[in-house]
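Peer 1: Please find the sequence and the predicted model below.
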Amino acid sequence: MSDTTAASPSTFTPAYKRVLLKLSGEGFCRPGESGISMSAVGAASEQIKQVMSSGVQLAIVVGGGNILRGKQFSAVSTTITAPTAHYMGMLATVINGLALQDALESVGVQTRLQTAIRMEGVAEPFIRRRCVRHLEKGRVVILAGGTGSPFVTTDTAAALRARELDANVLLKATRVDGIYAEDPEKNPHAVRYTDISYQDYLIQNLGVMDAQAVHHCKDHDLPIIVFNYRRTGNIARAIAGEKIGTRVISPARIAANS
C-alpha cells in the first residue's frame, strides 16, 4: 500500500491542532481491488499512530467505495431504489469503520466509532459534544454512516463534520499526490497545482472532491489538503504543514504564502 522510498518523519510539531481526515474506501483495499485488506488498513493505522504521538486531535470520516458506492449501484440496479442504494453505501462505511477501529487499537491507539445512523450494538451515535470530548481526551474518533441522509457524499459529510467539530484543516487522503489540471493517470504530463483557490477549483470542475464539499469549506475558509496517503509518513507531513500535495485555500491565503 505504501511507498517505502519516502522516509517517515520520526517526530514533528503539528501545524493544526484539530484535524479532519477523509479516508476513502480505496484506503481499505489494495490498489485496483475491492473488499478489505487488513494489510492496507494496518499501514494506514501505523501512520495514524505516529500522528497521535504528537498530541494532535484527529477525527476520521471513512468512505465505503471499496464495498459499495450507493450512487453507482443505483445507476445500474433496476430493483433497488436510489435512496436504498445510498443507505447501503452508508452501512458499508460502518464496516470499514469497524475494521479501522480494531486495526488502530491493535497498535495501541484509543478510538471511538460514531455513526450517523444509530446502531448502538456496534458504535456510539454521533453527538457533537461527545465527539469533541473524545478528541480532547486524545482518542481518534472514526465517523461512519456519512450524514445519515441519502444523496450526500462522504466528501460532503467530511466537510460538514469538519465545520461541526471546528477542525483547522480537512485532509483528503487519495491515491495521487495532489490536484492536477488533467487526470495524471491518463496524461503523465499533467500539471499539478501546489495551491488553488476554492473558486478556481469549482470553475475548472476538477472533480477530486465534490463541489458541495468545496463550497462548505469555501464559505468558512477551511483549508483542504489533497495528498497521497500511500506514501509512508505523508499523513504526518500534511499535519505538520509541509508542502505536499495540493492546498485548496482562499486567494488571501495563497497571496500570503507566495
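Peer 2: Received it, and whenever you're ready, just let me know what you need.
Peer 1: Please, where are all the helices along this protein?
Peer 2: Residue ranges of the helices in the chain, as given by DSSP state H, are 38-52, 70-76, 82-106, 128-136, 154-164, 198-204, 211-219, 234-239, 251-257.
Peer 1: so which of those helices comes closest to residue 170?
Peer 2: Residue 170 lies closest to helix 154-164 among the helices of the chain, at 4.7 Å (Cβ to Cβ). To be clear about C-beta, it is placed using only N, CA and C from the backbone, and glycine gets the same treatment.
Peer 1: follow-up on the earlier one: lowest-confidence stretch among the helices of the chain?
Peer 2: Lowest mean pLDDT within the helices of the chain: helix 70-76, a mean of 67.
Peer 1: was I right about residue 42 contacting residue 103?
Peer 2: Yes: with contact defined as Cβ atoms under 8 Å, residue 42 reaches residue 103; the gap is 5.4 Å.
Peer 1: and these two? which has more neighbours close in?
Peer 2: Per other Cβ atoms under 10 Å, whichever of residue 42 and residue 103 has more neighbours is residue 103, with 24 against 16.
Peer 1: if we can go back for a sec, mind putting the helices of the chain into CSV with distance to residue 180?
Peer 2: As requested, the helices of the chain are arranged in CSV below (distance: least, Cβ to Cβ, whole Å):
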stretch, distance to residue 180
helix 38-52, 23
helix 70-76, 23
helix 82-106, 27
helix 128-136, 33
helix 154-164, 18
helix 198-204, 11
helix 211-219, 16
helix 234-239, 17
helix 251-257, 18
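Peer 1: Of these, which is nearest residue 12?
Peer 2: That would be helix 234-239 among these, by Cβ to Cβ, at 5.5 Å.
Peer 1: rewinding a little: of the helices of the chain, which approaches residue 182 most closely?
Peer 2: helix 198-204 (10.2 Å).
Peer 1: now that closest one: how far from the chain's centre is it?
Peer 2: 20 Å (Cα atoms, centre = their mean, to the nearest Å).
Peer 1: now stretch 145-152
Peer 2: 15 Å.
Peer 1: go on, stretch 148-159?
Peer 2: 12 Å.
Peer 1: which residues sit against it?
Peer 2: 20, 22, 24, 61-64, 70-71, 82-83, 86-87, 90, 93, 116-117, 126, 143, 146-147, 170, 172, 209-210, 212-214, 216-217, 222 (Cβ atoms under 8 Å, 6 or more residues apart in numbering).
Peer 1: hmm, back to that, which one, of the helices of the chain, ends up nearest to residue 121?
Peer 2: helix 82-106 (11.1 Å).
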